[in-house]
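# I need the structure of the sequence given here:
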Amino acid sequence: SYVSKMSDKEKATRDKGLHDERKNDLAKNTVGKNAKDREKYFHDDDMSIDDMVTKEKLSKGYDYESNAVDNLSKKRRGPIRDIYGEEEEYGAGLQNSLRNMESRDKRMKIANLEDKAKKQQIAEYQKQESIHSKDRLNPENPRFPRHMLIAMGTRAYLMLKAGGRLCDGHCLIAPIQLSVSATNCDEDTLEEIRNFKKCLIRMFDATEKECVFIETAMGLDRHPHGYIECVPLPRSKFANAPMYFKKAINEAEDEFEAQNRALIDTRGVKKLATKIPKHMPYFAVDFGLQGGFAHVIENERDFSKSFGLDILAGILNVPADIVARQRSSIDEEKQLAMGFSTSFEEFDWTKALKE
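All right, here's what the predicted structure looks like:
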């Protein structure tokens, strides 16, 4: 080839030209404060042409073209980097980022749940406040007819009925704390209700009367304040009362539509909740402390709220519209309450709580 025919001096001259050209290129591309002061770019930059000729003769096999190409390739490659180290560093950073994202998402979820729970608590509190403010049987309500109150225990109280009284002595027993029905009352409340029943039975027994206790638990989703009404009947009329109620309950709802047995016998049953599940609407009647009958109300739209009072009005031979009559004057109600309290005082079990 042409290169192999060149003399040593020609090769040295050529290589010197290549070196000078490469140095000029590097000088143009060099940056930094020492660029102007740099004198050597290759290890043989200070060699003269004669030195190069001598070296060429001695080495013969040295390839200056390969040397130039190698220097150029080194420039293009730049400094060798630790690829695996970078990947490990990047991987660790990614894992940290993912952990931070998961932690942030978890904190956001917890914050959202706490905010939701707080809003639910506020809504429930406001709902309960609204229910209590409308509850006229709540003794703490300003609209509670306190002048009709006869006696109060720790869990339940006794008061005269404010309106729609069927007869003298028509009263009601209610839990102090809101409870929609007797089946939802706790054991202590049921015990105090039973104590009031015993006292009323003894009190009316002195006047040859018997007590009929009725409860109509309806509209439970509206959280009404449950209560039990006591209506004293002359003994002559009381004897036939179970027959009237049994007949009326069996005819209350269409037997083909009713899924539950119409009449539930509660005689000898101490706790109504063993016969009727909680939160179920029902009607119940007890004759004294011996129990009586109950009926699960399947269709509240077809069942009258005054069902039990209408039957008792028929037994007492009083006008049916008496149930819907408005309250008497405050003065008349105070006189009725005073007379009832005088009769009840002898049998009042709550006096023991004050001693």
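# where in the stretch 51-200 of the chain is pLDDT low?
Per-residue confidence for the stretch 51-200 of the chain (pLDDT under 70) gives these ranges: 51-95, 124-133.
# Would you map the helices across it?
64-77, 83-134, 187-205 (DSSP state H, counting those that start in this stretch).
# for the stretch 251-355 of the chain, same thing?
Under DSSP H, counting those that start in this stretch, the stretch 251-355 of the chain gives helices at 307-316, 330-344, 351-354.
# for the longest one, which positions count as buried?
Right, the one you point to is helix 330-344. Buried residues in helix 330-344, counting neighbours by 16 or more other Cβ atoms under 10 Å, are found at 333, 336-337, 340, 344. All C-beta atoms are positioned from the backbone trio N, CA, C, and that covers glycine.
# what's the angle from that helix to helix 187-205?
Put simply, helix 330-344 runs at 90 degrees to helix 187-205, going by axes from the mean of the first three to the mean of the last three Cα atoms, to 10 degrees.
# 544 is where my numbering starts, stick with that
New numbering, starting at 544: the last item is helix 873-887.
# which other helices and strands contact helix 873-887?
Helix 873-887 sits against strand 692-695, strand 699-703, helix 730-748, with contacts defined as 3 or more Cβ pairs under 8 Å, 6 or more residues apart in numbering; DSSP states H and E.
# go again using 6 Å as the cut-off
Counting contacts by 3 or more Cβ pairs under 6 Å, 6 or more residues apart in numbering; DSSP states H and E, helix 873-887 packs against strand 692-695, strand 699-703.
# could you redo the ones you listed as JSON lines and give each row distance to Ile792 and mean neighbour count?
As requested, those are arranged in JSON lines below (distance: least, Cβ to Cβ, whole Å; neighbours: other Cβ atoms under 10 Å):
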{"stretch": "strand 692-695", "distance to Ile792": "30", "mean neighbour count": "18"}
{"stretch": "strand 699-703", "distance to Ile792": "26", "mean neighbour count": "24"}
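# now those in TSV, with distance to Phe836?
Output for the helices and strands packed on helix 873-887, formatted as TSV (distance: least, Cβ to Cβ, whole Å):
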stretch	distance to Phe836
strand 692-695	27
strand 699-703	23
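# Out of these, which is closest to Trp892?
Trp892 lies closest to strand 692-695 among the helices and strands packed on helix 873-887, at 8.0 Å (Cβ to Cβ).
# Outside of the closest one itself, list whatever touches it.
Strand 692-695 is touched from outside by 701-702, 883-884, 887, 891, 893, with contacts defined as Cβ atoms under 6 Å, 6 or more residues apart in numbering.
# Next one: Ile819, what pLDDT does it get?
pLDDT, Ile819: 92.
# what does the one 3 residues further on give?
Per-residue confidence at His822 stands at 86 (pLDDT).
# Check the burial of it by counting its neighbours.
12 (other Cβ atoms under 10 Å).
# if you skip the residues just before and after it, what's nearest to it?
Counting by Cβ to Cβ, 6 or more residues apart in numbering, the nearest residue to His822 once its immediate chain neighbours are dropped is Leu763, at 5.9 Å.
# How much space separates that neighbour from Phe830?
25 Å (Cβ to Cβ, to the nearest Å).
# With Cys754 instead?
Cys754 is 8 Å from Phe830, where distance means Cβ to Cβ.
# Between those two, which has more neighbouring residues?
Cys754 (23 against 19).
# Give me the helices and strands touching the one helix or strand the more buried one maps to, please.
If you go by DSSP states H and E, Cys754 is part of strand 752-760. Applying 3+ Cβ pairs under 6 Å, 6+ apart, we find strand 752-760 packed against helix 730-748, strand 771-777, strand 825-830.
# relative to helix 730-748, how tilted is that strand?
Going by the same axes, to 10 degrees, strand 752-760 makes 150 degrees with helix 730-748.
# How much space separates the nearest residue to Asp853 once chain neighbours are set aside from Leu855?
Nearest non-adjacent residue to Asp853, counting by Cβ to Cβ, 6+ apart: Ala863, 6.1 Å away. Going from Ala863 to Leu855 by Cβ to Cβ gives 11 Å.
# cool, Ala717 as well?
Counting by Cβ to Cβ - Ala717 and Leu855 are separated by 19 Å.
# burial count for the closest residue to Thr732 other than its chain neighbours?
Using Cβ to Cβ, 6+ apart and skipping the chain neighbours, the partner closest in space to Thr732 is Arg698 (4.2 Å). For Arg698, the neighbour count with other Cβ under 10 Å is 19.
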